[in-house]
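> let me see the structure of the following:
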Amino acid sequence: MSETSEFKLREFLRADLRRQWHFLHRESPQPSAARLWIGIASPRFAPVLLCRLAHGLYLAHLGPLAKATSLLNFFFFGIEIAVRCPIGPGLFLPHTQGTVIGAWRVGANATIFQGVTLGAREVDFSYTEQSRPTLGDGVTVGSGAKVLGALHIGDGARIGANSVVLQSIAANMLAVGAPARVVQSQ
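Reported below is the predicted structural model:
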């Protein structure tokens, strides 16, 4: 998994925007200035921007400001992202409504669809690694999926829509169902 403790806001945002551009505008590799600004203001990128700002404020020991920034995400985009959760560069959120990201760590190039919950199985106000999931690099979590507890989702793994993951998933595997089971490797 990528090391995200060396958080550099500009570099992470560049990687996030580059990845979004790749998914949404594959036919035009060079963005115009107007299309770039529209992309930054889109409901796919603005939540990522707010998430990055909130995490940066948290790392700067500005907790109340970080929480306020995070609340903007909740009010405007319907997504709740823990300010403590380090998320690697290249985050892509195709849709955000109803999503909760309370993982211990999310690797680089994650794709997280709407209605996803990444968090503890039980109430965990202390936010510990022993109760939160860790996602590797290149993980895709489908719409409505729930990934709960202290488990690890390996690099390149995919979680199917509406799956309930209660056990670790190895790298490059596809898990589906409730409870989720591995059905194939990539």
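
> helices of the chain, residue ranges please.
9-24, 33-40, 46-59, 63-77 (DSSP state H).

> weakest of those helices in terms of mean pLDDT?
Ranked on mean pLDDT, the bottom entry among the helices of the chain is helix 33-40, at a mean of 65.

> just to revisit the earlier point, out of the helices of the chain, which is the most enclosed?
Greatest average neighbour count among the helices of the chain goes to helix 46-59 (a mean of 21), per mean count of other C-beta atoms under 10 Å. Quick note: C-beta positions are derived from backbone N, CA and C, even for glycine.

> may I see the helices of the chain arranged in CSV, with distance to residue 172 as well?
Listed next are those as CSV, based on distance: least, C-beta to C-beta, whole Å:
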stretch, distance to residue 172
helix 9-24, 19
helix 33-40, 30
helix 46-59, 25
helix 63-77, 30
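
> can I get stretch 103-123 as CSV, trimmed to CA atoms?
As requested, the backbone C-alpha atoms of stretch 103-123 are provided in CSV (Å, rounded to 0.1, in the frame of the first residue of the first chain):
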residue,chain,number,x,y,z
ALA,A,103,-11.5,3.3,7.3
TRP,A,104,-8.2,3.2,9.0
ARG,A,105,-6.4,3.8,5.7
VAL,A,106,-7.3,3.8,1.9
GLY,A,107,-4.6,3.2,-0.6
ALA,A,108,-3.8,5.0,-3.9
ASN,A,109,-6.1,5.0,-6.9
ALA,A,110,-9.2,3.8,-5.0
THR,A,111,-12.6,4.0,-6.6
ILE,A,112,-15.5,4.3,-4.2
PHE,A,113,-19.1,4.4,-5.4
GLN,A,114,-22.2,5.8,-3.7
GLY,A,115,-23.8,4.3,-0.7
VAL,A,116,-20.6,2.6,0.5
THR,A,117,-19.7,2.3,4.2
LEU,A,118,-16.1,1.7,5.2
GLY,A,119,-16.0,1.5,9.0
ALA,A,120,-16.3,-0.3,12.3
ARG,A,121,-18.7,-3.1,13.1
GLU,A,122,-19.7,-1.4,16.3
VAL,A,123,-19.6,2.1,17.7
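
> tell me the buried residues in that stretch?
Along stretch 103-123, these residues count as buried under the neighbour rule (16 or more other C-beta atoms under 10 Å): 103-120.

> identify those among those that sit within strands.
Counting by DSSP state E, the members of the buried residues of stretch 103-123 that fall within strands are 105, 106, 111, 112, 117, 118, 119.

> model confidence score at the second one, please.
What it means is residue 106. Here, the pLDDT recorded for residue 106 equals 97.
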